[in-house]
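Asks: Just a sequence and a predicted model for now, questions to come.
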Amino acid sequence: MIKKDVGEGSKTLLTISRVLCYIALIFITVLCLFSFYILIVNSTRAHADIMKGFSFLPGKFFSKNLTALLTDKNIPVVRALGNSLFISSCVALFTTYFSAMTAFGIHVYDFKFKKIAFSFIMLVMMVPTQVSALGFIQLVTKMGMMDSFYPLIFPSVAAPIVFFYMKQYMESVLPHEIVEAARIDGSNEFRTFNTVVLPIIKPALAVQAIFSFVSSWNNYFIPALIINSKAKKTIPILIAQLRSADYMKFDLGKVYIMICVAIVPLLIVFVILSKYIIRGVTLGSVKG
Amino acid sequence: MGQQASTKTKKKSVSYARWGYIFIAPFFLVYTIFQLIPLISTFYNSFFENYRVGLSQVGPTFIGFANYIEIFTNNDIPTYAFNTLLIWMMGFIPQILIALLLAAWFTSFRLKLKGLAFFKTVIYMPNLIMAAAFSMLFFALFSDAGPVNMILTSMNIIKEPFRFLTSIGATRSLIASMNFLMWFGNTTILLMAGIMGIDQALFEAAQIDGAKPLQMFMKVTLPLLMPILVYVMITAMIGGIQMFDVPQILTNGDGTPDRTSMTLIMYLNKHLASRNYGMAGAVSVILTIVTVALSVLVYKMLIRQYKPATIKTDKNGNEIKRRLQK
């Protein structure tokens, strides 16, 4: 009898704590989504309405705001979207391919400087790009590559964190026997890497392609120092430009829709791929 | 004959080693050109007087450690380091606490919460958002005539619009809460993976011994989670040193009010943009030293728990041998 009572008591306690958890989770959800909700609502309202007061219901000015943004010659959004898309795609391709290549070289082969090479990459993994920005700018200037996309794309070949992820992944899925079997079949090492190894590590490639695309898409520090001309600006630079101009003179509907353009495409991609992205977050880190 | 065969195999292994170098060559080539050489030349620059006044160029002339002395005597670096640390902590402390709580809830077999996929998606989402755009959004929301002020005045919570960006506390809090929103989901997911990696038998044993949920969390989960907690903390610290996009856009690069939200990288950016290369170099060197010190900690942790596959098979082999001997 007593035992049963305890069971009942802990059961109601469990229900209460469950309800409290859900309330807290809903609060956190609202906290995460609230600013985006205002963003979407205000991007559908006219400047005058936004100035008048806040409304929780969307307006009817979405297409008008969008055309106003697209026709504004001071904010070349379409061009910037194209630039950002091109740079980020190239970065995603370069980073994943060459990181996999480096990881393969260290995973499969035995050579004299293997350990040193590996330790070196691990050591520089956390050194941020900002601290060498000064030398980087001077180098790019000397190479005559200022105000071009090359200095934003080429350095992505060397991505220590992506390398580490690939190396860990290969250790779990790529036994040396596969490479040896390919050798016996007469495949040269480079072909083995491209046609045998890459398909095996496809999940890792996909995850890292997404992550490197996103971080390049969002990158502001280096592009802001390299790019000058209007036609080559990327989305984050345009956003910064929006902030530095006299904010009060702007059509606010246009401001909100510009932020939408920067955020929403990635959000849609994320909602579609969230399962894979969230799984990918944990794969690369330390195992507890 | 025998010798011939051995030289043949030797040649073969040498040629494979060559492939190892070929595969890692692009990485090291690009890293050297675009990271290592710039880093060295950055250090070199820090010993020169080299800046611009209007259109005229001063230097470069060698001045030794004068740039460093100037930085520390005019109190810039200590002030901005303090700002960076304070704003980082204001975001990180709630971040790690909330993440721990959520990770414990999400992995709890007792609670068995539903809709985890949805909640994980929602809390991770802000992490992928462009920091510049997120910051611009907050600037618009919290501006003097922005939606937040409108909502607060219409609900009669405040009478006059509150000028968030002229208040030191409010500006720092805004930056910290953006950092919090962007990173707590990521931390939650990392900690969840850590908790799920803990041997279930330990929890069962604790339960049999009569441990309460809170005791179980404090005495079993937390100690076993320590390595990943330290990892999260150090990587967050390195990320905190790099704090730039959010305060830069929010305050238009000025660190308003009165440079109280100016971070270290914003300071570096200011020198780079105005081509004050000597000072920029000195700031970079100081930042590098701090980051490398922290990185060495991460490196040691990763190496400690990192077991290459070759050693694993070796261990197994030894174990099998030992068993056979018995």
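Replies: Sure thing, it's come through.
Asks: residue closest to the middle of chain A?
Replies: residue A:214 (2.0 Å; C-alpha atoms, centre = their mean).
Asks: so where is the chain shaky, pLDDT-wise?
Replies: This is for chain A. A:1-9, A:247-248, A:282-288 (pLDDT under 70).
Asks: that's the other chain; I wanted chain B
Replies: Counting by pLDDT under 70, chain B contains low-confidence residues at B:1-15, B:54, B:302-326.
Asks: And for the residue nearest to the residue nearest to the centre of chain A when sequence neighbours are not counted, the neighbour number?
Replies: Leaving aside its sequence neighbours, residue A:214 sits nearest to residue B:128 (C-beta to C-beta, 6 or more residues apart in numbering or on different chains; 5.3 Å). Every C-beta, even on glycine, is put in place using the N, C-alpha and C of the backbone. When neighbours are defined as other C-beta atoms under 10 Å in any protein chain shown, residue B:128 has 22 of them.
Asks: Isn't residue B:128 up against residue A:270?
Replies: Yes: assessed by C-beta atoms under 8 Å, residue B:128 is found in contact with residue A:270 at 5.2 Å.
Asks: Please enumerate the shared neighbours of these two.
Replies: Shared contacts of residue B:128 and residue A:270, defined by C-beta atoms under 8 Å, 6 or more residues apart in numbering or on different chains, comprise residue A:277.
Asks: Would you tell me which helix is longest in the chain?
Replies: Here I'm looking at chain A. With secondary structure taken from DSSP state H, chain A has its longest helix at helix A:2-43.
Asks: Switch to chain B, please.
Replies: Max-length helix for chain B by DSSP H is helix B:76-107.
Asks: Flag every buried residue along that helix.
Replies: Applying a neighbour-count criterion of 16 or more other C-beta atoms under 10 Å in any protein chain shown, one finds B:76-77, B:80-81, B:83-85, B:87-88, B:90-92, B:95-96, B:98-107 buried in helix B:76-107.
Asks: okay, the angle between that helix and helix A:2-43?
Replies: Here helix B:76-107 points in a direction 130 degrees away from that of helix A:2-43 (axes from the mean of the first three to the mean of the last three C-alpha atoms, to 10 degrees).
Asks: for helix B:76-107, packing partners?
Replies: When contacts are defined as 3 or more C-beta pairs under 8 Å, 6 or more residues apart in numbering or on different chains; DSSP states H and E, helix B:76-107 sits against helix A:2-43, helix B:116-128, helix B:168-196, helix B:222-241, helix B:264-273.
Asks: Let's have those helices in TSV, adding distance to residue B:55.
Replies: Listed next are the helices and strands packed on helix B:76-107 as TSV, based on distance: least, C-beta to C-beta, whole Å:
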stretch	distance to residue B:55
helix A:2-43	42
helix B:116-128	43
helix B:168-196	35
helix B:222-241	34
helix B:264-273	16
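Asks: Identify whichever of those helices lies nearest to residue A:61.
Replies: Nearest to residue A:61 among the helices and strands packed on helix B:76-107 is helix A:2-43 (8.5 Å), distances taken as C-beta to C-beta.
Asks: Check whether the closest one comes near chain B.
Replies: Yes: part of helix A:2-43 sits near chain B under the criterion C-beta under 8 Å from any C-beta of the partner chain, namely A:14, A:17-18, A:21-22, A:25, A:28-29, A:31-33, A:35, A:38-39, A:42.
Asks: Of all the residues in stretch B:39-48, which ones are buried?
Replies: Buried-residue list, stretch B:39-48, by 16+ other C-beta under 10 Å: B:39, B:41, B:42, B:43, B:45, B:46, B:47, B:48.
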